[in-house]
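# Sharing a model prediction with you, sequence too.
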Protein chains: 2
Amino acid sequence: MRVIPLGGIPELAEGDDLARRLVDSASQIGGFQTRDVVVVAQKAVSKVEGNVVLLADVEPSNEARELAGDGDPRRMEVILRESRTIVRSRPPLVIAETQHGFVCASAGVDSSNAGQPDTVVLLPRDPDASARCLRAAISDRSGIDVAVIVSDSFGRPWRQGTTDVALGVSGLAPVLDLAGERDSVGYELHATQIAVADELAGAAELVMGKTDGIPAAIVRGVRISGDGSGADLLMPRDRDLFR
Amino acid sequence: MRVIPLGGIPELAEGDDLARRLVDSASQIGGFQTRDVVVVAQKAVSKVEGNVVLLADVEPSNEARELAGDGDPRRMEVILRESRTIVRSRPPLVIAETQHGFVCASAGVDSSNAGQPDTVVLLPRDPDASARCLRAAISDRSGIDVAVIVSDSFGRPWRQGTTDVALGVSGLAPVLDLAGERDSVGYELHATQIAVADELAGAAELVMGKTDGIPAAIVRGVRISGDGSGADLLMPRDRDLFR
């Protein structure tokens, strides 16, 4: 398996043709290949989709002022608007369930790499739709059918640091289910589901970095199959012991 | 970055020279290189370390019988012995903090791939020591200084499926801290810590699989630095909102 950064992509802005940028970048290293997995940072996607908020336009509520602590209440107001429920809070830190159903810090609202100061980037409105559109546009511009993952960096309970996970998916099944398969001594693997899309997103992060303008990477040579959606990675509420 | 499976390694048993097996496997594909990251599944490590329990030898307590539900109370007894605290339980499912401080399902006690029926494999007693020993033994047998990660598959709250994470580490800093670095428009990245060792473990899982006897993989061509321990990946209790 190879993980190949897609660099040389200039700062992105609303309306930019991200698929064209990715195809051009890939062409510098021989082009996309069928069954490549293209992992794209959600921030790149949200920027071209215009999913960005100017804090100057935001009037914070009292709840936002309270939760913000020493932080910017306008940013907290944006977080609250993105949230379905607040899972935990310790001002100015908030862990929220987003309108999509992701549970993450600040409901995915991010101040860094927004392209200009006093601006925050939201998660894509529909990361699966973003992945599907990017996949179709890459196919249109290159003739190659790739799979696409829209990724973001999430923290985890109990563990330090973030790992990248898949928000939106097109062209691969994000969870590999080994139920019914047997191990080398014939013991049935009862409940082994592997979140391959999250592992692919994490692998891509290792070559993307946070500061050096590489918004995407190719993972090549990994066995992928089926199709599915980022929602397949969300734990159903009735099976969730942590909500 | 390349991720290369280390296959052709026969079923492992207590006392086997795992480093020798890994060096022999790597030699089939050109050998290890300096700064390779060698990711080894904890189960392989625990088997050669003899960290395996025969259920026939286990007398379950009343607490174990209660928590086991329809499951095997002897297995639950082993889980309880491995646990410092039970974080959540819904019989027969238990999420526990292990004696090492990892929070995971069944305190890491695993029935699959144990090598024989009615046997469970525990986590290594000291995964950092296991990683250090393996690294030293690989250096001894090959002359090459690699980094070593001992990995396991952990579930996550709110998300479906497992991803592989690092339990023990030697020869790399498991958390990359970007505090003080600036993004492309000069916005300081305040609190961005990336759990690179977990992402490396997840990348390796993608080529290791669960059923086909590939207990290790090389990750080559990724920037690693420093040194550290698997304990660096554990969230300090006072910063943990989920315990």
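Perfect, thanks for sending it.
# Tell me the buried residues in stretch A:17-26?
A:18, A:19, A:21, A:22, A:23, A:25, A:26 (16 or more other CB atoms under 10 Å in any protein chain shown). (Glycine included, C-beta is placed from N, CA and C.)
# so how far is chain B from the first one?
When CB to the nearest CB, to the nearest Å is applied, the distance between residue A:18 and chain B equals 16 Å.
# Check residue A:33 too.
16 Å.
# Next up, the contacts around that residue.
By CB atoms under 8 Å, 6 or more residues apart in numbering or on different chains, residue A:33 lies in contact with A:144, A:220.
# which SSE is it in?
Here residue A:33, judged by DSSP states H and E, is contained in no helix and no strand.
# pLDDT score assigned to it?
We have a pLDDT of 98 for residue A:33.
# Check the gap between it and residue A:138 for me.
Residue A:33 sits at a distance of 12 Å from residue A:138 (criterion: CB to CB, to the nearest Å).
# can I assume residue A:97 sits in a helix?
No: counting by DSSP: H, G, I helix; E, B strand; the rest coil, residue A:97 is not found in a helix; it is strand.
# Would you confirm that it contacts residue A:84?
Yes: contact between residue A:97 and residue A:84 holds when scored by CB atoms under 8 Å: they sit 4.8 Å apart.
# and the residue nearest in space to the middle of chain A, what helix or strand is that in?
Residue closest to the mean C-alpha point of chain A, counted by CA atoms, centre = their mean, is residue A:151 at 2.3 Å. When secondary structure is defined by DSSP H and E, residue A:151 falls within strand A:147-156.
# Then residue A:169?
With elements taken from DSSP H and E, the one containing residue A:169 is strand A:159-170.
# Could you do residue A:26 as well?
Element membership for residue A:26 (DSSP H and E) is helix A:18-27.
# Just the CA trace of that helix, in CSV.
The C-alpha trace of helix A:18-27 is given here as CSV (Å, rounded to 0.1, in the frame of the first residue of the first chain):
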residue,chain,number,x,y,z
LEU,A,18,-11.3,21.3,-6.3
ALA,A,19,-11.6,18.2,-8.5
ARG,A,20,-9.6,20.0,-11.3
ARG,A,21,-6.9,20.9,-8.7
LEU,A,22,-6.7,17.3,-7.5
VAL,A,23,-6.5,15.9,-11.0
ASP,A,24,-3.8,18.5,-12.0
SER,A,25,-1.8,17.6,-8.8
ALA,A,26,-2.1,13.9,-9.5
SER,A,27,-1.0,14.3,-13.1
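# Now do it, average pLDDT.
Rounded mean pLDDT across helix A:18-27 is 97.
# so what does the helix or strand following that helix touch, helix or strand wise?
Later in the chain than helix A:18-27, the nearest helix or strand by DSSP H and E is strand A:37-41. Taking 3 or more CB pairs under 8 Å, 6 or more residues apart in numbering or on different chains; DSSP states H and E as the contact definition, the neighbouring helices and strands of strand A:37-41 are helix A:18-27, helix A:127-142, strand A:147-156, helix A:196-208, strand A:216-220.
# Among those, which comes closest to residue A:4?
Residue A:4 sits nearest to strand A:216-220 of all the helices and strands packed on strand A:37-41, at 4.5 Å, using CB to CB.
# next one: the closest one to chain centre, how far?
How far strand A:216-220 lies from its chain's middle: 14 Å, per CA atoms, centre = their mean, to the nearest Å.
# Now do it, average pLDDT.
Mean per-residue pLDDT for strand A:216-220: 98.
# how far away is residue A:136 from chain B?
Taken as CB to the nearest CB, the span from residue A:136 to chain B is 25 Å.
# Number of residues surrounding that residue?
14 (other CB atoms under 10 Å in any protein chain shown).
# Same question for residue A:86.
15.
# State whether it is indeed within a strand.
Yes: residue state for residue A:86 (three-state DSSP) corresponds to a strand.
# For it, give the beta-bridge partners.
Applying DSSP bridges to residue A:86 yields these beta-bridge partners: residue A:96.
# how about it, what does it touch?
Going by CB under 8 Å, 6+ apart, residue A:86 touches A:67, A:80, A:94, A:95, A:96, A:97.
# How many residues are close by the fourth one?
The reference is to residue A:95. 20.
# who's in contact with the worst-scoring helix or strand of chain A on mean pLDDT?
Of all helical and strand segments in chain A, the minimum by mean pLDDT, DSSP states H and E falls on strand A:176-177, at a mean of 92. Under the criterion CB under 8 Å, 6+ apart, residues A:192, A:193, A:194, A:196, B:161 lie in contact with strand A:176-177.
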